[in-house]
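Visitor: Any chance you could fold what I've pasted below:
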Amino acid sequence: MVRCKQTWSQDTQTIRESEEGLNGGTSSPSIVNVQEMRPFSKQTSMVTEADNTIRESEEVLNGGISSPSIVNVQEMVRCNLSCIPDRFKRSEEDKSKDVDLSVLSPQIPVIDLALLSSENVEELKKLEWACKCWGFFMATNHGIPEEVLQRVKDAAAGFFELPFEEKKAYSLDSNEMQGYGQPFMVSEEKLDWSDSLILRIYPSHFQKLKFWPTTPADFRDTVETYSTEVRKVAETLLGSLSLTMGMTKDALLRLHKDMAQALRVNYYPTCRNPDQVIGISPHSDATSISILLQDDDVTGLEIQHDGGWVPVNPILNSLVVNIGDVIEMWSNGKYNSIEHRAMAHENKARMSLATFFTPDTDVEIEPLDHILDPQGSNRIYKKVKYGDYLTRSLRKKIEGKTNLRFAKYNDQVES
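Guide: Take a look at the predicted model:
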């Protein structure tokens, strides 16, 4: 297990070694060992050395990183890093745009999936309203047993409790977008205050077992059981959305062809200055729908609504569902893919499990004919191949809904 060093001279050596790893043209992923640093000493001379160490660490974090690197937030926090590196700090301009609309949290729609399954007319109308006006809703009575939810949370927590040296064995492969680390490590971009484990679930031939933790021992079985259950929920929701969009119940599922599924487990460590960082930057999802399982006692997810940010307060054993870019394109903007973000906390770490459902990469996405007027003059989105759209969204960190602009008529976006 990697431990915090006992002297600042050792810390400085660690940073030098990290710099050599980053600058030495190594072909394997580099590890920025920020976790090797210990808190500031009360003695003045040691404070000066600590300041130097922090500056050197920031140089590593701010340098041009040409190979996948692990900048591990959890380990920085574990070693009580006293100074937040620049690459994690939000700009004053960004913070000035924050508008707190927590007063609207109780208004976030809550949809009863048991009623949806029985095609209850009022619940279907409520779903349609939620997708038009919010793009997000809480799903209750979804049918996933409570013990399945708890087991997958425990398995995910068990992984993040492992020593860093064990976790980094599953380091993220940027070419496959699977594994453990920071999904986007482009030198000029800010980093999020979170660590992630990304796994592809379905089709099964996309699974790379080298990225699947073997500790806890039941991790794989537990994740696959949960993934099977949450896929049933997704199919129910797509069936209901098909009805609200004026189609047969199986229409959307058929449009997906072989619907893909991926899981991203997010860990948000505490931060002594949570207003200076962001857990996950604002973005919309390049999915059809996304289904989130979050902690029951910590609020961190926020959604954009009416020009501000609305916290999504957890409901015990519920799921959070959001409309993705694909449904917005198919519905020609009738249903909205909403920007959302995750915030850090000063005293409580948080974890969430986001499952993403997407069409086959060969599927062509465009507004459905029956939604357009006869001349097609109200068309907002052009035809795009989903694989191309997904590749574009994974090319760099998504900012807001910039990726959707790529699919709009008469809107030019940089490649």
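Visitor: Now do the helix ranked longest in the chain, average pLDDT.
Guide: Scanning the chain for the longest helix, with DSSP state H as the assignment, gives helix 219-244. The predicted model assigns helix 219-244 a mean pLDDT of 98.
Visitor: which ones are touching residue 234?
Guide: 259, 261, 289, 291, 355, 357 (CB atoms under 8 Å, 6 or more residues apart in numbering). Heads up, the C-betas are built off the backbone N, CA and C, glycines and all.
Visitor: Just the pLDDT at the nearest residue to residue 123 once chain neighbours are set aside, thanks.
Guide: Computed as CB to CB, 6 or more residues apart in numbering, the closest residue to residue 123 that is not its neighbour in sequence is residue 115, at 3.9 Å. On the pLDDT scale, residue 115 is placed at 97.
Visitor: hang on, the earlier thing: how about the contacts of residue 234 in a markdown table, adding distance to residue 119, neighbour count and secondary structure?
Guide: Converted to a markdown table, those look like this (distance: CB to CB, whole Å; neighbours: other CB atoms under 10 Å; DSSP: H, G, I helix; E, B strand; the rest coil):
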| residue | distance to residue 119 | neighbour count | secondary structure |
| --- | --- | --- | --- |
| 259 | 21 | 21 | coil |
| 261 | 25 | 22 | strand |
| 289 | 19 | 23 | strand |
| 291 | 20 | 22 | strand |
| 355 | 24 | 22 | strand |
| 357 | 21 | 27 | strand |
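Visitor: residues in contact with residue 298?
Guide: Residue 298 makes contact with 314, 345, 348-350 under the criterion CB under 8 Å, 6+ apart.
Visitor: List only buried entries from the residues you listed.
Guide: By neighbour count, with 16 or more other CB atoms under 10 Å, the contacts of residue 298 hold 314, 345, 349-350 as buried.
Visitor: Relative to residue 295, which of these is nearest.
Guide: Nearest to residue 295 among the buried ones among the contacts of residue 298, counting by CB to CB, is residue 350 at 5.4 Å.
Visitor: From residue 280, how far out is that closest one?
Guide: 11 Å (CB to CB, to the nearest Å).
Visitor: Next, show the common contact partners of those two.
Guide: When contacts are counted by CB under 8 Å, 6+ apart, the set common to residue 350 and residue 280 consists of residue 342.
Visitor: how about the buried ones among the contacts of residue 298 in JSON lines, adding pLDDT and distance to residue 402?
Guide: Shown next, in JSON lines, are the buried ones among the contacts of residue 298 (pLDDT from 0 to 100; distance: CB to CB, whole Å):
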{"residue": "314", "pLDDT": "96", "distance to residue 402": "29"}
{"residue": "345", "pLDDT": "95", "distance to residue 402": "28"}
{"residue": "349", "pLDDT": "95", "distance to residue 402": "30"}
{"residue": "350", "pLDDT": "96", "distance to residue 402": "26"}
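Visitor: out of these, who's nearest residue 243?
Guide: For the buried ones among the contacts of residue 298, the nearest to residue 243 is residue 314 (28.3 Å; CB to CB).
Visitor: my read: the closest one touches residue 292, true?
Guide: No: when contacts are counted by CB atoms under 8 Å, residue 314 is not listed as touching residue 292 (10.1 Å).
Visitor: quick one: which two of the contacts of residue 298 are the most distant?
Guide: For those, and using CB to CB, no pair is farther apart than 314 and 349, which are 14.7 Å apart.
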